[in-house]
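**Student:** Pasted the sequence and its predicted model underneath.
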Amino acid sequence: MAKVSIRNVWKKYGEFPAVKDLNIECPDGSFLSILGPSGCGKSSTMRMIAGLEHITAGDIYFDEQRINDLAPKDRDVSMVFENYALYPHKTVFDNMANPLKLRGQDSARIKERVGQAANLLEIGELLHRRPQELSGGQKQRVAIGRAIVREPKLFLFDEPIAHLDAKLRAHMRGEIKHLQRTLGTTMIYVTHDQLEAMSMADTIAVMHEGELQQLGSPREVYNNPVNAWVAGFVGEPAMNFLTCDVRGDGGEVLLAHPNFGIALKPEQVKCLNGRKGGGSVRMGVRPDALNIALERPAEPAIAGEVFVNELLGGDMIVEVQLSDARVRVKTSPEFPGNPGDKCYLTVNRDKWHAFATDTGKAYF
Ligand SMILES: Nc1ncnc2c1ncn2[C@@H]1O[C@H](COP(=O)(O)OP(=O)(O)OP(=O)(O)O)[C@@H](O)[C@H]1O
Ligand SMILES: [Mg+2]
């Protein structure tokens with residue numbers, strides 16, 4: 001087990017910087033997810049940690065040991081990739097035993113370790129089969145089994161379940177999380193799926209275009225995104241954004257949009273310091289922080305028109321047309337509105353965000 005420290009790390013392919021000045025601390029025994037869209041530098045980061053890619057600048061430490069120049073085989077890490085990379089002609093047992101054989105362990109010990117890992121992953125009955133006789137989920141478990149038999153310092157999982165079907169992915173999410181907690185081995189887990197990162201990780205490192213955007217717990221990243229990009233990437237359905245003016249109005253400060261005005265709380269005004277007299281901000285509000293009704297409520301409300309309803313089992317997502325934008329609202333499946341109906345939205349005053357229109361930086 002090891003703490004992993006990534007300090008001022010850069011990866012350049014020629015002139016192209018794929019990873020820019022990355023700083024991440026992953027505590028010993030914890031589950032860190034690197035989250036970001038395709039091409040943001042996740043795999044490049046993983047390959048530098050594993051030793052499969054040269055570190056252009058900066059340092060990586062396992063505990064207090066700088067590992068930049070350590071050969072991959074001496075780093076004591078186990079990797080699992082999206083393509084399981086199993087040996088097709090070997091049985092499940094031999095695939096899992098391979099890393100131990102390479103280390104010259106005796107056959108009794110190998111049998112014991114493979115047996116334990118197979119039990120943990122519930123693939124004990126499959127040990128005699130070959131990869132082509134397995135389902136995708138079973139192959140994935142064999143690949144994970146091969147990674148855990150040798151009790152490494154660190155697991156590096158790179159989109160390991162990305163191409164399984166949705167139901168199996170949900171199942172494997174729980175299994176991998178449970179496995180990591182049981183073994184207590186430090187895990188770095190790459191995904192572009194925010195739901196995976198949110199549901200599994202202790203800490204999420206959100207990356208975009210080679211740069212770390214935010215490092216925090218799933219709750220922090222969801223509730224207090226540092227910028228509009230993170231706010232829009234994390235959460236499904238995505239956060240709604242509306243450009244609004246900030247106006248002083250008889251002592252009150254208002255967030256003004258063609259469809260509505262919201263009085264700001266004093267602490268919100270403080271966060272917007274300097275912008276009080278005017279200027280625009282991007283308001284961000286998640287679909288579940290909006291309420292929708294067909295009758296105009298007593299409190300100030302945003303008038304709009306139902307554009308479309310999507311029933312998602314236990315929830316309904318209603319897309320509402322405002323004068324210059326559409327927003328999505330999460331409500332109950334019993335919502336009676338139909339496309340074309342007039343409707344009214346109210347905002348939970350504690351649950352919206354304001355971002356700078358130019359930099360996207362969060363005021364709150
Ligand atoms: N060997 C390479 N040579 C040149 N450019 C590369 C190389 N490997 C990756 N890149 C580029 O670096 C950037 C980051 O790639 P990387 O594989 O780290 O992304 P990723 O976040 O893992 O994406 P994905 O989710 O698609 O796997 C991309 O623009 C990619 O095209
Ligand atoms: Mg990748």
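**Tutor:** That came through fine. Ligands and ions are numbered 1, 2, ... in the order given.

**Student:** Quick one: name the residues of the stretch 101-250 of the chain near ligand 1.
**Tutor:** His192 (Cβ under 6 Å from any ligand atom). The way it works is simple: take the backbone N, C-alpha and C, and place the C-beta from them, glycine included.

**Student:** what ranges do the strands span in the stretch 101-250 of the chain?
**Tutor:** For the stretch 101-250 of the chain, the strands defined by DSSP state E, counting those that start in this stretch occupy 154-158, 186-191, 203-208, 211-216, 240-249.

**Student:** C-terminal to the longest one, what's the next element?
**Tutor:** By that I understand strand 240-249. Once strand 240-249 ends, the next helix or strand along the chain (criterion: DSSP states H and E) is strand 252-257.

**Student:** neighbouring strands for that following strand, and are they parallel or not?
**Tutor:** strand 240-249 (antiparallel), strand 260-263 (antiparallel) (DSSP bridges).

**Student:** Output the below-cut-off pLDDT ranges for the stretch 101-250 of the chain.
**Tutor:** 249 (pLDDT under 70).

**Student:** What backbone torsions are found at the residue in it that ligand 1 sits nearest to?
**Tutor:** Closest to ligand 1 within the stretch 101-250 of the chain is His192: 4.8 Å, counting by Cβ to the nearest ligand atom. Dihedral pair for His192: phi -100, psi 0, per degrees, to the nearest 10.

**Student:** Contact partners for it?
**Tutor:** 35-38, 42, 159, 162 (Cβ atoms under 8 Å, 6 or more residues apart in numbering).

**Student:** Pull out the buried residues from those residues.
**Tutor:** By neighbour count, with 16 or more other Cβ atoms under 10 Å, these hold 35-36, 42, 159 as buried.

**Student:** rewinding a little: turn the contacts of His192 into TSV, columns for distance to Val230 and secondary structure.
**Tutor:** Below are these laid out as TSV (distance: Cβ to Cβ, whole Å; DSSP: H, G, I helix; E, B strand; the rest coil):
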residue	distance to Val230	secondary structure
Leu35	9	strand
Gly36	10	coil
Pro37	12	coil
Ser38	17	coil
Lys42	15	helix
Glu159	20	coil
Ala162	21	coil
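
**Student:** circling back to that earlier point, of the buried ones among the contacts of His192, closest to ligand 1?
**Tutor:** Lys42 (3.5 Å).
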